[in-house]
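Engineer: Using only what follows, build the 3D model:
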Amino acid sequence: MIAHYIITALLSFAPCGSHGEALAQHGAEEEPFVYSYQNERLAKEMSLVVAGVPAELERIQNYFHITRKFLGEIYFCEDEEAFASKLQFKPPSWYNAVAQPGLKQIVVFVKPRQSPAQIAKLLNHELVHWALFQLPDQARRQIPLWLHEGLAEMWSDRGLAEAYQVSLAWESKHNSLPRLSSFATEFGGEPYRAAVGYALSKEFVIHLVGDSGDALFIRIFNSMEAGRSFDQALVDHTGLSVVSHEKIVRANLNSWWRVVQEMYPHFFLLLVLIILGLVPFVASRRRHHREAQHAVWQSEEDEVEMLAGRDDNIGDE
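Structural biologist: Numbering: from 1, shown residues only. Next up is the predicted model:
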């Protein structure tokens with residue numbers, strides 16, 4: 001999570017100071033990060049998480065064809081004071097991690113009940129930011145904040161929208177879906193609105209990749225390095241501007257089919273409950289139907305027997 005701090009951080013690359021409480025573990029020279037922790041227990045809990053960092057960062061850099069690399073620190077903490085102290089600013093309550101290229105660090109706030117798998121996805125999100133910071137300056141400076149977050153969300157798929165119960169289709173149906181341009185420099189301090197912005201940014205990126213393939217952003221970043229803006233590069237390589245692509249995304253979201261898709265788990269549960277509720281009713285209807293049929297058959301049998309008795313009486317006469 002970067003928010004408005006990322007904009008100023010993109011333009012500076014100051015050396016990182018040491019943290020008084022950190023317990024540093026220096027790896028081999030080829031390691032992209034030094035890992036440090038607020039305490040020894042956290043170091044043990046995060047051991048499996050950090051083991052996958054170098055390979056994941058390499059995958060991200062290969063995906064975007066980023067060759068430039070610089071070293072940094074990943075610091076794990078578990079209280080708000082240590083988080084704010086390491087960041088050197090007080091973050092909004094919804095922040096869980098921040099990549100700061102100016103301080104050459106990624107700071108991760110390990111909140112209670114977060115599993116190592118969740119922390120790994122969170123860290124993967126920040127690793128995308130870290131990789132994008134290493135793009136050539138001309139390209140890096142022109143990436144809007146929402147695109148930064150959209151690419152990171154697409155890669156990590158950490159379920160932020162689900163955590164805040166965001167439905168883009170529902171927001172669209174109620175004409176409350178904000179524009180991407182409103183997230184050009186910040187996502188704000190309100191958690192739900194920020195989650196909507198992250199989800200919309202991810203939706204936009206997935207739309208672009210789905211239409212033009214995984215190599216699209218390699219071509220776009222190359223064009224931006226040559227001096228094109230993001231919007232110009234998007235037109236060059238897709239034929240449509242940001243506004244035109246956003247119209248397509250919003251039109252896709254503004255459908256009842258998309259509402260049903262986003263509500264699918266709840267819709268399926270509701271459907272199951274309805275079916276289960278109908279079972280006694282259907283069984284009762286079938287029982288009454290069988291009883292009615294049995295009564296008709298019994299009546300017909302009685303009538304046949306009565307007619308047969310009358311025939312016997314006529315024969316006796």
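
Engineer: From here on, just use CA atoms for contacts and neighbour counts.
Structural biologist: Noted.

Engineer: Now do the buried residues in the host helix or strand of V50.
Structural biologist: Under the criterion of DSSP states H and E, V50 resides in helix 47-51. Buried residues in helix 47-51, counting neighbours by 16 or more other CA atoms under 10 Å, are found at 49-50.

Engineer: next one: stretch 135-153
Structural biologist: For stretch 135-153, a neighbour-count test (16+ other CA under 10 Å) marks 135-136, 138-153 as buried.

Engineer: For the spatially most central residue of the chain, what are phi and psi?
Structural biologist: Taking CA atoms, centre = their mean, the centroid of the chain lies closest to G159, which sits 3.8 Å from it. Main-chain torsions, G159, degrees, to the nearest 10: phi 70, psi 30.

Engineer: Distance of it relative to Q118?
Structural biologist: For G159, the distance to Q118 (CA to CA, to the nearest Å) stands at 9 Å.

Engineer: the helices in the stretch 151-300 of the chain, which residues?
Structural biologist: For the stretch 151-300 of the chain, the helices defined by DSSP state H, counting those that start in this stretch cover 160-163, 168-173, 191-212, 216-225, 230-238, 242-253, 256-262, 264-316.

Engineer: Ok, which of the ones you listed comes nearest L87?
Structural biologist: Of all the helices of the stretch 151-300 of the chain, helix 191-212 sits nearest to L87, with 19.2 Å by CA to CA.

Engineer: Could you identify the helix or strand that succeeds the helix or strand of the chain with the lowest mean pLDDT?
Structural biologist: Across the helices and strands of the chain, mean confidence by mean pLDDT, DSSP states H and E is lowest for helix 5-9: a mean of 42. The first helix or strand that comes after helix 5-9 along the chain, using DSSP H and E, is strand 33-37.

Engineer: I'd like to know which elements that next one is packed against.
Structural biologist: Using 3 or more CA pairs under 8 Å, 6 or more residues apart in numbering; DSSP states H and E, the elements in contact with strand 33-37 are strand 72-77.

Engineer: In the following helix or strand past the strand it packs on, which residues are buried?
Structural biologist: For strand 72-77, the succeeding helix or strand toward the C-terminus, using DSSP H and E, is helix 80-87. Residues of helix 80-87 classed as buried: 80, 82-83, 86-87 (neighbour count, 16+ other CA under 10 Å).

Engineer: Please work out which residues outside the helix holding V50 touch it.
Structural biologist: 35, 116-117, 119-120 (CA atoms under 8 Å, 6 or more residues apart in numbering).

Engineer: Over to stretch 73-91?
Structural biologist: 19, 22, 33-39, 42, 98, 104-112.

Engineer: pLDDT of it, averaged?
Structural biologist: For stretch 73-91, mean pLDDT is 97.

Engineer: Now the terminal residues of it, how far apart.
Structural biologist: OK, stretch 73-91 end separation, CA to CA: 19 Å.

Engineer: before we move on, what about stretch 74-87?
Structural biologist: Across stretch 74-87, first to last residue, CA to CA, it's 12 Å.

Engineer: What distance do you get for the residue nearest to S201 when sequence neighbours are not counted to V128?
Structural biologist: Of all residues not flanking S201 in the chain, G150 sits nearest, at 4.3 Å (CA to CA, 6 or more residues apart in numbering). Distance, G150 to V128, using CA to CA: 10 Å.

Engineer: Walk me through the domains of this structure.
Structural biologist: With domains defined by automatic domain parsing, the chain comprises 1-134, 143-262, 272-305.

Engineer: rank these by pLDDT, which is bottom?
Structural biologist: Of all those, domain 272-305 carries the lowest average pLDDT, namely a mean of 72.
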